[in-house]
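Q: Structure, please.
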Amino acid sequence: MSIDNDVLSLIQTRRSIRSFKPDMIPKDIIDKIITAGTYAATGKNMQSPIIIAVTNKDVRDRLSKLNAEIMGKNSDPFYGAPVVLIVLADKSCVNHVYDGSLVMGNLMLAAHSLGIGSCWIHRAKEEFERPEGLEILKSLGIEGEYEGIGHCVLGYVDGDYPQTPARKSDWVYYIE
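A: Presented below is the predicted three-dimensional model:
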């Protein structure tokens with residue numbers, strides 16, 4: 001199988017995982033996933049996104065609680081994942097939301113290629129508009145105006161890997 005077919009296979013088989021084992025992912029694997037995120041395409045190569053890697057359980061749990069509060073629920077929106085990669089992007093770049101979205105896609109595909117489950121969790125925008133989120137940025141020395149794009153939660157899949165559903169029939173239209 002050629003490299004292109006391997007990539008296409010990863011794209012076609014990656015699924016969102018909503019049940020994770022508590023086991024921590026080795027740092028070298030996390031770093032490989034993060035590196036893939038830093039190679040996402042960005043408008044005019046402005047590289048507007050940043051990634052905050054959270055492996056500290058206390059901080060992870062604080063973020064989970066804040067995210068659940070925003071969602072209006074009392075559950076773990078991170079599905080037990082031990083690692084949270086937060087993607088934010090510089091608001092001064094006109095394409096920042098698109099740039100950050102491409103980073104999220106790269107993170108999830110890289111995770112899948114390494115046998116790690118992932119899921120995009122929303123509400124990062126709201127989290128990093130609140131004092132708690134702004135304090136995290138300040139504590140890391142991050143200055144400027146950043147919009148939260150998403151959380152890429154990572155972990156080992158607990159249970160069966162989800163099957164790929166059939167694609168809808170009216171997904172693509174051709175103009176030839």
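
Q: quick one: the strands in the chain?
A: Assigned by DSSP state E, the strands in the chain fall at 49-54, 83-90, 117-121, 146-155.

Q: which helices and strands sit right next to the longest one?
A: Taking 3 or more C-beta pairs under 8 Å, 6 or more residues apart in numbering; DSSP states H and E as the contact definition, the neighbouring helices and strands of strand 146-155 are helix 27-38, strand 83-90, helix 96-113, strand 117-121, helix 124-127. To be clear about C-beta, it is placed using only N, CA and C from the backbone, and glycine gets the same treatment.

Q: Could you tell me how many residues sit around residue 6?
A: Using other C-beta atoms under 10 Å, residue 6 has 11 neighbouring residues.

Q: Distance of it relative to residue 109?
A: Using C-beta to C-beta, to the nearest Å, residue 6 is found at 11 Å from residue 109.

Q: got it, and residue 43?
A: 20 Å.

Q: before we move on, what about residue 92?
A: As judged by C-beta to C-beta, residue 92 and residue 109 stand 28 Å apart.

Q: Looking at the two, which is more packed in?
A: Taking other C-beta under 10 Å, residue 92 and residue 109 do not tie; residue 109 has more neighbours (18 against 11).

Q: For the closest residue in space to residue 144 that isn't next to it in sequence, list the residues it contacts.
A: Among residues not flanking residue 144 along the chain, residue 90 sits closest, at 6.0 Å (C-beta to C-beta, 6 or more residues apart in numbering). Applying C-beta atoms under 8 Å, 6 or more residues apart in numbering, we find residue 90 in contact with 46, 48, 49, 50, 96, 144, 145, 146.

Q: Could I get the contacting residues of the third one?
A: If a contact means C-beta under 8 Å, 6+ apart, then residue 49 has 37, 40, 42, 87, 88, 89, 90, 96, 99, 100, 103, 149 as its contacts.

Q: what do you get for residue 15?
A: Residue 15 neighbours (C-beta under 8 Å, 6+ apart): 161, 162, 163, 164.

Q: is it true that the last one touches residue 11?
A: It refers to residue 164. No: assessed by C-beta atoms under 8 Å, residue 164 is found out of contact with residue 11, at 10.4 Å.

Q: So what touches stretch 57-77?
A: Outside stretch 57-77, the residues touching it (C-beta under 8 Å, 6+ apart) are 54, 78, 82-84, 86, 121, 123, 126-127, 130, 132-133, 136, 151.

Q: Drop anything exposed from those residues.
A: Among those, those buried by neighbour count (16 or more other C-beta atoms under 10 Å) are 54, 78, 82, 83, 84, 86, 121, 123, 127, 133, 136, 151.
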